[in-house]
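S.K.: Sequence first, then the predicted structure:
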Amino acid sequence: MLPVLLVLTALTAIATIIGSALGGGRWCGYYFPKYWARMFCWLTFVNVKVTGRENIDKDTSYVFVANHQGAYDIFSVYGFLNHQFRWMMKKSLQKIPLVGYSCLKSGQIYVDNSSRSALQKTMATAEKQLRGGMSLVVFPEGSRTLTGKMGAFKRGAYKLATEFQLPMVPLTIDGAYRVLPRTSILPHWGTIRLTIHKPISPAKDEAGIPAVMEATKQSISSALPG
């Protein structure tokens with residue numbers, strides 16, 4: 001399936017770039033990748049089961065925070081969350097041929113913390129995007145787990161939620177590590193479970209961030225096997 005998946009990825013990136021150039025970035029930047037992600041799962045015999053959709057409202061903006069088990073986390077969230085969002089991603093990912101440019105044109109948020117002014121620009125971009133029900137998805141661990149266990153969370157997403165006073169929604173991804181761990185190249189067929197938890201109020205100020213971080217981490221852990 002690899003050649004088919006590569007062609008699908010290239011076509012999705014090109015369609016997203018063209019659609020964004022024509023003024024449809026908000027729509028194209030979500031729906032084209034959504035069905036690309038679903039095709040990725042279907043063609044590799046990966047089933048994604050979702051629970052908790054009743055916990056979120058399509059017209060409300062959230063900061064979703066998810067554990068990061070593997071590459072299929074992206075396909076699971078993109079394809080099956082069913083809520084308009086943009087990713088907050090490492091600036092280095094912008095270098096991926098074609099895909100990096102399509103992400104830029106469709107309004108994904110690249111984090112640049114090389115300087116204070118660059119970080120302020122990142123925050124300004126996020127503020128512009130998070131309107132009218134548009135949400136943000138972040139992996140607060142920063143990178144995929146090597147062991148299958150959750151790592152330490154970083155504060156970036158929590159600072160942003162505090163700044164804009166957006167509710168935070170924990171997402172639990174279970175099964176993606178078995179399908180394609182960071183140390184493997186080819187996926188295994190299987191089932192991934194995506195659990196959407198109830199929103200958690202953001203911290204009122206930076207002093208309250210650690211408590212919110214702990215609350216979201218506990219919520220994510222609650223849907224993982226012991």
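M.R.: Nice, thanks for sending it over. Owing to the predicted nature of the structure, the values given are computational and were not obtained by experimental measurement.

S.K.: Check which helices and strands the host helix or strand of D73 sits against.
M.R.: Here D73, judged by DSSP states H and E, is contained in helix 72-80. Identification of packing neighbours for helix 72-80 by 3 or more Cβ pairs under 8 Å, 6 or more residues apart in numbering; DSSP states H and E yields helix 25-43, strand 46-51, strand 63-66, strand 168-174, helix 176-179, strand 190-196. Bear in mind the C-beta positions are built from the backbone N, C-alpha and C, glycine included.

S.K.: Deepest in the core, which of the ones you listed is it.
M.R.: Of all the helices and strands packed on helix 72-80, strand 63-66 carries the top mean neighbour count, a mean of 26, counting by mean count of other Cβ atoms under 10 Å.

S.K.: per-residue confidence averaged over that one?
M.R.: The average pLDDT within strand 63-66 is 96.

S.K.: Give the pairing partners of that strand; include direction for each.
M.R.: strand 135-138 (parallel), strand 168-174 (parallel) (DSSP bridges).

S.K.: Geometric centre of this protein: which residue is closest?
M.R.: V137 (3.8 Å; Cα atoms, centre = their mean).

S.K.: Skipping adjacent residues, who's closest to that one in space?
M.R.: Leaving aside its chain neighbours, V137 sits nearest to F64 (4.5 Å; criterion: Cβ to Cβ, 6 or more residues apart in numbering).

S.K.: Touching, the one you found and R86? I think so.
M.R.: No - judged on Cβ atoms under 8 Å, F64 makes no contact with R86 at a distance of 10.6 Å.

S.K.: Output the below-cut-off pLDDT ranges for this protein.
M.R.: 1 (pLDDT under 70).

S.K.: Recalculate using a threshold of 50.
M.R.: For the chain, not a single residue meets the criterion pLDDT under 50.

S.K.: just to revisit the earlier point, which is the succeeding secondary structure element to the helix holding D73?
M.R.: Criterion used, DSSP H and E; the element after helix 72-80 is strand 85-90.

S.K.: Measure how that following strand sits relative to helix 25-43, angle-wise.
M.R.: 80 degrees (axes from the mean of the first three to the mean of the last three Cα atoms, to 10 degrees).

S.K.: for strand 85-90, packing partners?
M.R.: Judged by 3+ Cβ pairs under 8 Å, 6+ apart, the packing partners of strand 85-90 are strand 109-111, strand 135-138, helix 156-164.

S.K.: Any chance of a markdown table for these, columns distance to V7?
M.R.: Putting the helices and strands packed on strand 85-90 into a markdown table (distance: least, Cβ to Cβ, whole Å) gives the following:
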| stretch | distance to V7 |
| --- | --- |
| strand 109-111 | 26 |
| strand 135-138 | 26 |
| helix 156-164 | 33 |
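
S.K.: which of the ones you listed sits most buried?
M.R.: Compared across these, strand 135-138 shows the largest average neighbour count, a mean of 24 (mean count of other Cβ under 10 Å).

S.K.: Contacts for it, please.
M.R.: With Cβ atoms under 8 Å, 6 or more residues apart in numbering as the test, strand 135-138 has contacts from 60-66, 77, 81, 83-88, 109, 126, 129-130, 156-157, 160, 166, 171.

S.K.: Try it again at 7 Å.
M.R.: 61-66, 77, 83-88, 109, 126, 130, 157 (Cβ atoms under 7 Å, 6 or more residues apart in numbering).

S.K.: Likewise for stretch 56-68?
M.R.: In contact with stretch 56-68 (Cβ under 7 Å, 6+ apart) are residues 73, 77, 83, 85, 130, 133-141, 143-145, 150, 157, 160-161, 166-173, 196, 199, 216, 220.
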